[in-house]
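Colleague: turn this into a structure:
(3 chains)
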Amino acid sequence: MSTIESALLDMGGLDILAAQNTPIHRRDPRAKVLTALAFIVTVVSFSKYDLSGLLPLFLYPVVLVALGNLPPRYLLGKLLLASPFALIIGVFNPLLDRTILLRIGPVGLSGGWISFVSILLRFLLTVSAALILISTTGFNAVCLALTRLKVPHVLTVQLMLLYRYIFVLAEEASRMVRAWSLRAVKSRRMSPKVFSSLVGQLLLRAVDRAQRIHMAMLSRGFDGEIRLIRPLRFGMADALFVLAWTAFFVLARACNLPQLLGQAVLGITR
Amino acid sequence: MHMADALISPAVGGAMWAATGALTAYSAKKLKAELDERKVPLMGVLGAFIFSAQMINFSIPGTGSSGHIGGGMILAILLGPYAAFLTIASVVAVQALFFADGGLLALGCNIFNMGFFPCFIAYPLIYKKIVGDRPTQGRILLGSTLSAVLGLQMGAFSVVLETVFSRVSELPFATFVLLMQPIHLAIGFVEGLITSAVVGFVWKARPEILELAADAKPIGNLSVKKVLVGLGMATALTAGLLSWFASTHPDGLEWSMFKTSGKEELKAPERGVHAAAESLQQTTAILPDYDFKKPAKPSEPETPAEPENKTDGAAPVVSAGASVAGLVGAAITLVLVGLLGVALRMRRASN
Amino acid sequence: MTHHIVEVQDLNYTYPGGVHALQGVSFRIVHGESVGVVGANGAGKSTLLRHLNGYLMPVQGSVRIGDCLVAKPTLRDVRRAVGMVFQDPDDQLFMPTVYEDVAFGPLNLGLPAAEVEARVMQALDTVGAAHLRDRPPHRLSGGEKRAVAIATVLSMAPDLLVLDEPTSNLDPKARRQFIELLRTFRHTKIIATHDLDMILDLCERTIVLHGGRVTADGPTLQIFNDPELLMRSHLEKPLRMQACPVCGKPT
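Modeller: Take a look at the predicted model:
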């Protein structure tokens, strides 16, 4: 299967997850967008040497995955495939920062290793937050939420059109690549020359399609403005959702919960 | 070269969001003034086109590896800067949401790195100047290649700056620059050649498509300057405010009112690190004579040459008692969170 | 309102490249008529349709829709009156969900929210697609896409339906269902197609275009029984009117 087809399947998969009906899915998209942003800002605001403090934040993805009926393994797979840039850069930390920061008996942990693990944890948390947002809300609802949150209308309309036509154009692209690969017996990879003309061809088709869409829009009274009506209701439950999570984030940020917990436990057992 | 949430600090993420937000609003306004509603569907479809084209791999001659295009310059050339910027923004946003490329906080950085430089620097200052209103095959080749190379160089440099200012990665500025720029020189060169081939193909087949972008009011030099100055000011202001805020609090964006005196002892070991971070943030905040290579602070976390200095100095080793408590607590936290997840799932399944 | 809902007079159109797409096309269509427009590829069908909703402006000759002469100032009214359904439903359905797509037209007309809602649901009910309202278009089958595409123009309450190749790419069952759906509409219809069997089902009158000119305009059966005319226009008798392939007897 080509990259294009699997990418389409992927996006379709998240779409299907978003079509469920769970307490999480029923929340107003604005509530979920705001909470996800608060979560990410909280995660990245931790010091890079603070590992234990980050752990309670795993509560957020875990609860949303469980209540939102999302398949954890599927999401984990997507996480692992995600852009490795952070890890490539992060892996330098243990090499560059060898200051011993933590000693457990004879073993000393350098600051570099701690910050590397911290990068890993941040990566897991932030990326899962984005994936969970999409798979509990759906792309179009996220766009609608953004419109209501005062993101310029042109941009959200673009996002919606882009998302609508990804499926159409990627399908076209994958047909063209298939037609090429069936005839390209010798080489398994496309030369830049072939690639350029294939992509040029795809581009011409895209421009023609845009023209036809424009015609279809015009014949239904399009005047440059795309109007949307989808009622959104921000109810008590939504407010509660945002408030409860934000309160938890602030709490987790303000005091190191695992540290306190550990002390309490050791204090009791001592 | 997607910047990742895991590598940035809130100050950098916030500042770049502010810059990207300003650019988006500005482009939206300019696009509205252009009054060309044909561009509404064209932008969406071309965004989907770039998205699809990015998924097709081609072999890079002489290296045995394969690559894919970014497409920022193709969009800038076909749509003009404002529409292209918004289109790139939407492509990058979809990638962040569906393929976890980057992340939501880093989205500001990524849109800026991949959109601003091709649309507002490379296109008006390089491509337009070379190709002008009378494209020829040679001019298209030169203009696209140069602008793609420079656009990517600036984008890569921007990634370096964002990473270094965020202070999550330990990579020193000089090493990182030497790592990023040459790689992106090669990538930019390939991107440029492909861009010129695609644009040349379109120009030969349907020259009127290129005229659509050219018809749009060209960016006057004045407005580019205005954008740059405005952006610079917005970024500096946000970064300044955020880092001032960060430096007045012991730990980045800590909510200081939650600090209780009872936690003093617990927090003390960490203080050293935070003190180091604090002094660092103070230096970076104002940037008087900031030396990227090796700040002369004795408490600097990344001085591999002098680990002793560090251990004995401002950042003492975390005391064993506190770290054991931390580890035990961490383990319990993870178990608790995991159990909660399982319990919630089972309750759902039984319903 | 005049009795003639569409009146095309001496319409000429030449593309920038110099291709004469339409040369002196004239016809009249009265209220409630269902008219097939047939012709070979490049005969001028698409160019003609593009004039009916003012996407192309008559350079020479005129197009009248109801009381309006198609021109810049009347575009709004013309486009409300003419419901144009395009060949590729993926071009027609550009909004994120079926509901929003069907609401696109009414919202552009400036109707109040309650009225929009009512029209959308009525249009979706008419084509039997109410259950699809929250689906994104890329998750619809070919037949469903066609039905929804019709709903997107029905919600604007048009006086005239113009359909471009409405049955292309449909499987036989979906095609049959779609034809039956079209039969229930009382609107005046103009259907441009290569599917002559459908014309036989739906249109009592047919206009044949060839080389940008009207080569025939009359009762469908009469035209389809003129082998010489069909041959000249690069057409062929509808399959149902041809001899049985097994026994050779006329069906």
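Colleague: list, one by one, the residues from the stretch 101-250 of chain B near chain A.
Modeller: B:101-105, B:163, B:167-172, B:190, B:193-194, B:197-198, B:201-202, B:205-206, B:209 (C-beta under 8 Å from any C-beta of the partner chain). (Glycine included, C-beta is placed from N, CA and C.)
Colleague: tell me the confidence at the residue in the stretch 101-250 of chain B positioned nearest to chain C?
Modeller: Nearest to chain C in the stretch 101-250 of chain B, going by C-beta to the nearest C-beta, is residue B:208, at a distance of 8.7 Å. pLDDT recorded at residue B:208 is 80.
Colleague: and if you look at the one 5 residues further on?
Modeller: For residue B:213, the pLDDT comes out at 65.
Colleague: my guess is the residue of the stretch 101-250 of chain B closest to chain C is in a helix, correct?
Modeller: Yes - assessed with DSSP: H, G, I helix; E, B strand; the rest coil, residue B:208 lies in a helix.
Colleague: number of nearby residues for it?
Modeller: By other C-beta atoms under 10 Å in any protein chain shown, the residues close to residue B:208 number 11.
Colleague: before we move on, the earlier item: filter the residues of the stretch 101-250 of chain B next to chain A down to the buried ones, PyMOL style.
Modeller: The PyMOL command for the buried members of these (criterion: 16 or more other C-beta atoms under 10 Å in any protein chain shown) is given here:
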select buried, chain B and resi 101+102+103+104+105+163+167+168+169+170+171+172+190+193+194+197+198+201+202+209
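Colleague: among the residues of the stretch 101-250 of chain B next to chain A, which are located in strands?
Modeller: Among these, no residue falls in strands (DSSP state E).
Colleague: inside helices: which ones of the residues of the stretch 101-250 of chain B next to chain A?
Modeller: In this view, these that belong to helices under DSSP state H are B:163, B:190, B:193, B:194, B:197, B:198, B:201, B:202, B:205, B:209.
Colleague: which two of these have the greatest separation?
Modeller: Using C-beta to C-beta, the pair of those lying farthest apart is B:163 and B:205, separated by 41.5 Å.
Colleague: residue C:217: what's it in contact with?
Modeller: Residue C:217 sits next to C:27, C:205, C:206, C:207, C:208 when contact means C-beta atoms under 8 Å, 6 or more residues apart in numbering or on different chains.
Colleague: dump those residues into TSV; add neighbour count and pLDDT as well.
Modeller: Formatted as TSV, the contacts of residue C:217 follow (neighbours: other C-beta atoms under 10 Å in any protein chain shown; pLDDT from 0 to 100):
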residue	neighbour count	pLDDT
C:27	18	95
C:205	18	96
C:206	22	96
C:207	24	96
C:208	24	96
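Colleague: could you say which helix or strand holds the residue of the stretch 51-200 of chain A found nearest chain B?
Modeller: Here the residue of the stretch 51-200 of chain A nearest chain B is residue A:161; by C-beta to the nearest C-beta that distance is 2.5 Å. Element membership for residue A:161 (DSSP states H and E) is helix A:153-183.
Colleague: got the angle between the helix or strand just after that helix and helix A:153-183?
Modeller: Using DSSP H and E, the helix or strand that directly follows helix A:153-183 along the chain is helix A:192-218. Going by axes from the mean of the first three to the mean of the last three C-alpha atoms, to 10 degrees, helix A:192-218 is angled at 140 degrees with respect to helix A:153-183.
Colleague: is chain C contacted by helix A:192-218?
Modeller: Yes - for helix A:192-218, a contact with chain C is found by C-beta under 8 Å from any C-beta, at A:209, A:212, A:213, A:215, A:216, A:217, A:218.
Colleague: what does the stretch 51-200 of chain C put close to chain B?
Modeller: With the criterion set to C-beta under 8 Å from any C-beta, the stretch 51-200 of chain C comes near chain B through residue C:94.
Colleague: excluding chain neighbours, give the residue nearest to whichever residue of the stretch 51-200 of chain C sits closest to chain B in space.
Modeller: Chain B sits closest to residue C:94 of the stretch 51-200 of chain C, with a gap of 6.8 Å, by C-beta to the nearest C-beta. Residue nearest to residue C:94 in three dimensions, not counting chain neighbours: residue A:213, with 5.3 Å by C-beta to C-beta, 6 or more residues apart in numbering or on different chains.
Colleague: count of neighbours near that neighbour?
Modeller: Counted with other C-beta under 10 Å, residues neighbouring residue A:213 total 28.
Colleague: how about residue A:223, secondary structure?
Modeller: Applying three-state DSSP: residue A:223 is coil.
Colleague: what does the one 5 residues further on give?
Modeller: The three-state label for residue A:228, taken from three-state DSSP, comes out as coil.
Colleague: next: residue C:84.
Modeller: Following three-state DSSP, residue C:84 is assigned to strand.
Colleague: wouldn't residue B:69 be in contact with residue B:195 here?
Modeller: Yes - with contact defined as C-beta atoms under 8 Å, residue B:69 reaches residue B:195; the gap is 7.5 Å.
Colleague: could you measure from the residue in chain A that chain C sits nearest to over to residue C:107?
Modeller: Nearest to chain C, among the residues of chain A, is residue A:221, at 3.4 Å (C-beta to the nearest C-beta). The spacing between residue A:221 and residue C:107, counted by C-beta to C-beta, to the nearest Å, is 8 Å.
Colleague: confidence score at the residue nearest to the spatial centre of chain A?
Modeller: With distances taken as C-alpha atoms, centre = their mean, the residue of chain A nearest its centroid is residue A:130 (2.7 Å). Note for residue A:130: predicted pLDDT of 90.
Colleague: next: the one 4 residues further on.
Modeller: For residue A:134, the model assigns a pLDDT of 91.
Colleague: show me the contacts for it.
Modeller: Residue A:134 makes contact with A:14, A:18, A:142, B:97, B:98, according to C-beta under 8 Å, 6+ apart.
Colleague: list the contacts for the fourth one?
Modeller: In this case it means residue B:97. A:130, A:131, A:133, A:134, A:139, A:142, B:104.
Colleague: turn the ones in helices among the residues of the stretch 101-250 of chain B next to chain A into TSV, columns for distance to residue B:115.
Modeller: Shown next, in TSV, are those (distance: C-beta to C-beta, whole Å):
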residue	distance to residue B:115
B:163	19
B:190	20
B:193	21
B:194	19
B:197	22
B:198	19
B:201	24
B:202	21
B:205	27
B:209	21
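Colleague: what is the neighbour count of residue 181?
Modeller: As the question left the chain open, I've gone with chain A. For residue A:181, the neighbour count with other C-beta under 10 Å is 14.
Colleague: um, chain C though
Modeller: Neighbour tally, residue C:181, other C-beta under 10 Å: 17.
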